[in-house]
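Q: got a sequence here, can you model it:
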Amino acid sequence: MATVGDGTQPGSEADSWLHARLIPTYGIRSQDEQEKRATSCLLAVMHGVPEFGHALLRELGAPKSPSIDTFAEVRFKNADGKVDIPDGAIVCQRGAKRWTCLVEVKTGAAMLKDEQVGKYLDIARDHCFDGVLTISNQITHSASESPVTVDGRKLRKTTLWHFSWWRILTEAVVLSRKGVSDSDQAWVLRELIHYLTGRASGVAGFEDMGKDWVPVRTAAHDGTLRSGDPRARQVAERWDQLTEYLCLSLSQELGRNVVSVRPRKQTTGARLDELEKALATDGDLRATIRVPDAVGDIQIRADLKSRQTSLSVDMAAPSEGRPKSRISWLLRQLTEAWPDLRVEVWYPHARETVAATLEQARERPEILFSPADTTREPRSFVLTLSRPMGQKRGRDEGSFVRETREQSVMFYRDLVQNLKAWQARPPQIRPEPTGADSSDLPSPPDLLPLTPADHMLPAPANGDAPGDDVADGLVPESPPMSPFQGSIQGSVLSKTDPAEPDTTPTTTGNPTVPDPPWATS
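A: Presented below is the predicted three-dimensional model:
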């Protein structure tokens, strides 16, 4: 084998070399070039990896066409003779259904412009496009929500959608983890992920809480923040985006679709009004995150007054067993949890909870019993972890965004994903008795004769009419009865007159057959 002058093999330094990339991030010199490269890369991969393209376009109502045709820098001449150039276009056709949309892209800190998006909506309407898709680093709850404001009349025949780059990256990561059917397409998708995660691509998640974060945080802490303050509205909008960023980040970690929980018919404006009101009155920001198949939803509360971030999860208590058994069931799942984890127990028909730290509950589980009635059965448990809140506005060490993201991931990884919901034990079939003669076992009640044995006449064997022996004064001998039949028939089907005392023994005399209840009364 050939060697170089120092005796090493050629290429032995490859561990420190950079791999050749299908979509390189170096050489980007301007914002315009960054947008063009990001647009071309995304649209090309949507065409080359149809599974990825359909995963993105499914929410927009596009048909699952055999191929996705994508174009960059499409040109349209307006009425003034000028040329408008949207960043791209997408065409999907399946049978007679044809779906088309224009694409407008922004990267880095660039924001979408209301006027520009409105102009592209006019072009889409005039050329019979289904709508306009905008892409930027601005994060929204769903594709139907847009960070821009346009005249509602422009949306009568066309639709406006929006994707954040973080949403696109999340879809790519989730699909890559699930697996792509074609190995070459899977490699292309991984190259797109590598490009989008590069800093030079202009793709970012949630950067910071905005310029109004520090004054609003201080005012809420001091109790001077008032409803109607425009700065509170800006912070509420940023918190809404941060919530979606946390959901998408967890989706990337888990490979599953994590969503924020909100009323189905609540509009973006109504949600922001609710957040702004809570920020001004209570000084806190709240969100609810739902992870598929988790024991419960994750509640996030950022208390600006106490400067604490609390994460909690609610789980149902077992529906069987004594109160101590149900509480012990929970504590057994928390052997590796934090000692300062707060455990709250909800009891039915009680307005307040019973709470203690996990360390206290381990030492004395009875501390979580209902003080009004120690035999009352718990209904549900709430587990809460509180940590100091990040203060800075950016994404550096100690910032609100970074600390909240790390705390959310830690809370799920170290606690929620290890919790299991209670499941009732299925009904059990009684085991067969052993060591007893089957002849001594009682027969099922439905197999007992409906007429006492001493009243049942045997069928005549000689052709005589039934009852001849009785007429001659001969009473046929009845077959012996089992102890169980004797106990039942002696009380219900007895041959004696009900008015006369019954002299039939009241006990079975069989140790393998329990006495009937009335035998010991």
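
Q: what does whichever helix or strand Glu33 is part of rub up against?
A: Taking DSSP states H and E as the definition, Glu33 sits inside helix 31-48. Residues from elsewhere that reach helix 31-48, judged by C-beta atoms under 8 Å, 6 or more residues apart in numbering: 23, 28, 52-53, 56-57, 67-73, 87-88, 90, 103, 105-108, 110, 135, 165, 168, 185, 188-189, 192, 195-196, 200-203. Using the backbone N, CA and C atoms, a C-beta is placed for each residue, glycine as well.

Q: out of these, which sit inside helices?
A: Phe52, Gly53, Leu56, Leu57, Trp165, Ile168, Gln185, Val188, Leu189, Leu192, Tyr195, Leu196 (DSSP state H).

Q: go through stretch 107-117 and flag the buried ones.
A: Buried residues in stretch 107-117, defined by neighbour count with 16 or more other C-beta atoms under 10 Å: Thr107, Gly108, Ala110, Leu112, Val117.

Q: give me the nearest residue to the second one, chain neighbours excluded.
A: In this case it means Gly108. Leaving aside its sequence neighbours, Gly108 sits nearest to Gly202 (C-beta to C-beta, 6 or more residues apart in numbering; 4.1 Å).

Q: please, where are all the helices along the chain?
A: Counting by DSSP H, the helices of the chain are 31-48, 50-57, 114-126, 165-178, 183-196, 213-222, 230-254, 268-281, 323-332, 358-363, 400-414, 468-471, 483-491.

Q: among the contacts of helix 31-48, name the buried ones.
A: Buried, going by 16+ other C-beta under 10 Å: 23, 28, 52-53, 56-57, 68, 70, 72, 87-88, 90, 103, 105-108, 110, 135, 165, 168, 185, 188-189, 192, 195-196, 201-203, out of the contacts of helix 31-48.

Q: and stretch 171-185, C-alpha only, in CSV?
A: Only the C-alpha atoms of stretch 171-185 are listed here, as CSV (Å, rounded to 0.1, in the frame of the first residue of the first chain):
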residue,chain,number,x,y,z
GLU,A,171,-40.9,18.9,8.3
ALA,A,172,-37.7,17.9,6.7
VAL,A,173,-36.2,16.6,10.0
VAL,A,174,-39.4,14.7,10.9
LEU,A,175,-39.6,13.1,7.5
SER,A,176,-35.9,12.2,7.5
ARG,A,177,-36.4,10.4,10.8
LYS,A,178,-39.4,8.5,9.6
GLY,A,179,-37.5,7.5,6.5
VAL,A,180,-37.8,8.2,2.8
SER,A,181,-38.6,5.3,0.5
ASP,A,182,-35.8,6.1,-2.0
SER,A,183,-32.3,6.1,-0.6
ASP,A,184,-31.0,8.8,-3.1
GLN,A,185,-34.0,11.1,-2.2
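
Q: and the contacts of that stretch?
A: 48-49, 51-52, 55-56, 186, 189-190, 192-193, 196, 251-252, 255-257.

Q: kindly recompute the last result at 7 Å.
A: By C-beta atoms under 7 Å, 6 or more residues apart in numbering, the residues outside stretch 171-185 that reach it are 48-49, 51-52, 55-56, 186, 189-190, 192-193, 251-252, 255.

Q: dump these into a markdown table; add distance to Leu385 and pLDDT as well.
A: Output for these, formatted as a markdown table (distance: C-beta to C-beta, whole Å; pLDDT from 0 to 100):
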| residue | distance to Leu385 | pLDDT |
| --- | --- | --- |
| Gly48 | 44 | 94 |
| Val49 | 40 | 95 |
| Glu51 | 38 | 94 |
| Phe52 | 36 | 95 |
| Ala55 | 34 | 93 |
| Leu56 | 35 | 94 |
| Ala186 | 38 | 94 |
| Leu189 | 36 | 95 |
| Arg190 | 35 | 94 |
| Leu192 | 36 | 94 |
| Ile193 | 32 | 94 |
| Ser251 | 22 | 93 |
| Gln252 | 22 | 91 |
| Gly255 | 24 | 88 |
